[in-house]
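no sequence for this one, just the structure:
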Ligand code: S3P
């Protein structure tokens, strides 16, 4: 029997099994993009199964302040596109909340506007690096002021942009998207070259909307001043949210879980590849393609997971899943080791330090590296007080740990799950026996 207490802290106890069918919220990355692109398209767009995530609501609120008419009825969002040049100067600074995607990707659009905009965020976002978008957008001709050290808030003074060829110094889909969005405002062809392939939802959506976009291996070129057509979208379930249920379903005794309508874009499914190589029993069923994005159902059954090393080339495609994979690693036969994940230190929290600290509190053996960690396997976890540092993925990863730990795990500031998955604890409770 699982018990979760509805306070700002959640208590999690071990459960016997997780059984049933669950739905994930609409994909956060895709929802941001459909909203932003819908705003600068011609005519209306309707987005079904829009993410319930607070981050995606931050994007909608910023777009509204830019003069875009947006209606939301539950998970259906209707946007009256204003065209590439129809945004209006906001009367007050934009607030991206906790959302790095909102700030970085919107910066690309704001760089192309004829008015200045200030965009800020909460305490966590105010510590996150923005130089990575400031550099390419400045090369394109925008003038951007930031706080000391390239931190938010950003004051973006846009104008006429020139096309660039930009080689990304870090693998980042947010930065790639910011440059492509700015490229829509430049006369001519803007090219972004990635060090490794990152999630390509922006490219797919632009193709679907009729933009002139060319892709060749790691390079993506977009022609500016394209006319984007508003349209109907369906957002697949978020595979990064599904990761918590995959891990829980693999770890908890006699579980039998189906996760429905999960986005299976190949730039997001490294988690499935990794689990398959480690012996995890996950089946992919009912695959279909909608708006250029693959989706399907995942069936997960418990069983031993070998663990071992995560190949570094898989890491950028798994970046959001690493906290829960570290938890899974504590139960794997060979533990789990990964490198090449320095980016984890500049997420909503320093996820390497915060995961290591909380795993140690639960009795796991962890070695921290500058760019990764090693967790010893076959650990006997015990319930502990989890300091989430207000980071949604830490809260959910450690709720999964609590399901297989001895005693009570207390997740502090558990409300932070709203950032990506407000229904997380309810969904877990529904399938826990
Ligand atoms: C995202 C890209 C990733 C990811 C984030 C969402 C996106 O960030 O961690 O949660 O929607 O493009 P980076 O682009 O910083 O790698």
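Great, that's in hand. The structure presented is a predicted model; accordingly, all values stated were derived computationally and were not measured.

which residues touch the residue lying closest to residue 328 once chain neighbours are set aside?
Nearest residue to residue 328, sequence neighbours excluded (CB to CB, 6 or more residues apart in numbering): residue 247, at 4.6 Å. Every C-beta, even on glycine, is put in place using the N, C-alpha and C of the backbone. For residue 247, the contact set (CB atoms under 8 Å, 6 or more residues apart in numbering) comprises 324-325, 327-328, 397, 400.

near the ligand, list only the ones from the residues you listed.
Contacts with the ligand within these, counted by CB under 6 Å from any ligand atom: none were found.

re the thing from before, before we move on, what SS does the residue nearest to residue 328 have?
helix (DSSP: H, G, I helix; E, B strand; the rest coil).

just residue 352 next, same as before
From three-state DSSP, the assignment for residue 352 is helix.

doesn't residue 367 make contact with it?
No: with contacts defined as CB atoms under 8 Å, residue 352 does not count as touching residue 367, sitting 10.8 Å away.

these two: which is more packed in?
It is residue 352, of residue 352 and residue 367, that has more neighbours when counted by other CB atoms under 10 Å, with 25 against 12.

spatially nearest residue to that one (excluding sequence neighbours)?
Computed as CB to CB, 6+ apart, the closest residue to residue 352 that is not its neighbour in sequence is residue 344, at 5.0 Å.

check contacts around the one you found.
319, 322, 350-352, 372.

nearest to the ligand, of these?
Of all those, the one with the least separation from the ligand (CB to the nearest ligand atom) is residue 319, at 4.8 Å.

now the nearest residue to residue 218 once chain neighbours are set aside: phi and psi?
Nearest non-adjacent residue to residue 218, counting by CB to CB, 6+ apart: residue 194, 4.6 Å away. As for residue 194, its main-chain torsions (degrees, to the nearest 10) stand at phi -100, psi 150.

contacting residues around residue 194?
The contact partners of residue 194, taken as CB under 8 Å, 6+ apart, are 168, 171, 176, 218-220.

equivalent analysis for residue 345, please.
For residue 345, the contacting residues are 351-353, by CB under 8 Å, 6+ apart.

make JSON lines from those residues and add distance to the ligand and pLDDT to it.
Shown next, in JSON lines, are the contacts of residue 345 (distance: CB to the nearest ligand atom, whole Å; pLDDT from 0 to 100):
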{"residue": "351", "distance to the ligand": "10", "pLDDT": "98"}
{"residue": "352", "distance to the ligand": "14", "pLDDT": "98"}
{"residue": "353", "distance to the ligand": "17", "pLDDT": "98"}
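
re the thing from before, may I ask which of the contacts of residue 344 has the most neighbours?
That'd be residue 322 among these, by other CB under 10 Å, with 27 neighbours.

name the surrounding residues that touch the strand or helix carrying residue 425.
Using DSSP states H and E, residue 425 maps to helix 424-431. Under the criterion CB under 8 Å, 6+ apart, residues 2, 4, 10, 18-20, 22-23, 241, 244-245, 248, 257, 395-396, 399, 414, 417 lie in contact with helix 424-431.

in strands only, show me those.
In this view, these that belong to strands under DSSP state E are 10, 19-20, 22-23, 257.

turn those into JSON lines, columns for distance to residue 236, neighbour count and pLDDT.
Shown next, in JSON lines, are the ones in strands among the contacts of helix 424-431 (distance: CB to CB, whole Å; neighbours: other CB atoms under 10 Å; pLDDT from 0 to 100):
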{"residue": "10", "distance to residue 236": "27", "neighbour count": "26", "pLDDT": "97"}
{"residue": "19", "distance to residue 236": "24", "neighbour count": "16", "pLDDT": "98"}
{"residue": "20", "distance to residue 236": "20", "neighbour count": "14", "pLDDT": "98"}
{"residue": "22", "distance to residue 236": "14", "neighbour count": "21", "pLDDT": "98"}
{"residue": "23", "distance to residue 236": "11", "neighbour count": "16", "pLDDT": "98"}
{"residue": "257", "distance to residue 236": "18", "neighbour count": "24", "pLDDT": "98"}
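
closest one of these to residue 160?
residue 23 (44.9 Å; CB to CB).

the closest one contacts residue 261, doesn't it?
Yes: if you go by CB under 8 Å, residue 23 and residue 261 touch, sitting 6.5 Å apart.

skipping adjacent residues, who's closest to residue 409 in space?
residue 402 (3.1 Å).

and that neighbour, how close does it get to the ligand?
Distance of residue 402 to the ligand, computed by CB to the nearest ligand atom, to the nearest Å: 23 Å.
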